[in-house]
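Asker: Kindly generate the corresponding structure for this input.
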Amino acid sequence: MKHTVTTAIKQKSEGDKLIMLTVYDYSTAKLMDEAGVELLLVGDSLGNTILGYPDTLSVTMEDMIHHSAAVARGVENALVVTDMPFMSYQSSVYDAVINAGRLVKEGRGQAVKLEGGRLFCPHIKAITEAQIPVMAHLGLTPQSVNALGGFKVQGKDEDGAKNLIDDALAVQAAGAFALVLECVPTELAALVTSLLSIPTIGIGAGAGTDGQVLVYQDMLAMYGGKSPKFAKVFAEVGPLMQEGFRAFIEETKSGAFPDEAHSFAIDPGVMAAARAYADSK
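Answerer: Below you'll find the predicted structure:
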């Protein structure tokens, strides 16, 4: 089944939880798509997970286009959503439309995601009018980490909760087809979800949202035991990878690998001729 903006909205109405994971490369995207993940987010989290930055702020449009195109080549059924990186849309509505277009045209994304509420509703409206679907993102918005004073749960006080509600209703009215809620108290996220006709996808926002997203390296324990509170480990892939790496090192150093089963033979006559030729040199 091909997943689209329309099917995502339908899933909310049917009570069918949406499944989204971050992904940044062809081979992993192919595995996720074949496993049945419905939305693949080419997140600017690649700054942390792939490029080794301490945050997402250094990620460029070229980074996002490069990784988005790689992901798209591995996908048949999932909806590919590509993050708009820091300062690719904040500067103006014009820049937002142009850069969203690049992520679709060059990065082969099928939708874009941007952070922010009412302040960026004109940007969301203009991008959707250009026929590019937009997923909004509220709560903890990592591109605003400096303004927020760090990675903190959002909406915990009365003003914060009211602002989150107003922002959610505003981005929906501006044309967003879905909304990510990150690091929001469970009850507040459920309330916002009940107010919207578009699906909400939570990350650290409890079970009351219409779907869930995780950074795949977190849910596969690929950070050596370091992961956010909200990121459950579903498979110990990180330790398994290290086990494989260590086995490769050990067998190569001992001479056990490669063995005959993993090597290629040559005709004895050809080899004799090669030896004679080598001896003549």
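
Asker: alpha carbons only for contacts and neighbour counts from here, please
Answerer: Fine.

Asker: Helix, strand or coil: sort out residue 19 for me.
Answerer: strand (DSSP: H, G, I helix; E, B strand; the rest coil).

Asker: give me every residue that touches it.
Answerer: Residues in contact with residue 19 (Cα atoms under 8 Å, 6 or more residues apart in numbering) are 37-39, 211-213.

Asker: Likewise for residue 134?
Answerer: Taking Cα under 8 Å, 6+ apart as the test, what residue 134 contacts is 111-114, 124, 127-128, 175-178.

Asker: and if we set it to 6 Å?
Answerer: 111-113, 176 (Cα atoms under 6 Å, 6 or more residues apart in numbering).

Asker: go on, residue 187?
Answerer: Residue 187 neighbours (Cα under 6 Å, 6+ apart): none.

Asker: same thing but 10 Å
Answerer: Counting by Cα atoms under 10 Å, 6 or more residues apart in numbering, residue 187 makes contact with 193, 205-209.

Asker: Report the buried members of the residues you listed.
Answerer: 193, 205-209 (16 or more other Cα atoms under 10 Å).

Asker: between the residues you listed, which is closest to residue 62?
Answerer: residue 205 (30.7 Å; Cα to Cα).

Asker: host element of that closest one?
Answerer: Element membership for residue 205, per DSSP states H and E: none, as it lies in no helix or strand.

Asker: on that earlier part again, of the buried ones among the contacts of residue 187, closest to residue 144?
Answerer: residue 205 (18.2 Å).

Asker: which residues does the closest one contact?
Answerer: Counted by Cα under 10 Å, 6+ apart, residue 205 has contacts 139, 153-154, 180-190, 212, 230.

Asker: Derive a ChimeraX selection command for the buried subset of the contacts of residue 19.
Answerer: Burial among these is assessed by 16+ other Cα under 10 Å; the matching ChimeraX selection reads:
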select :37,38,39,211,212,213
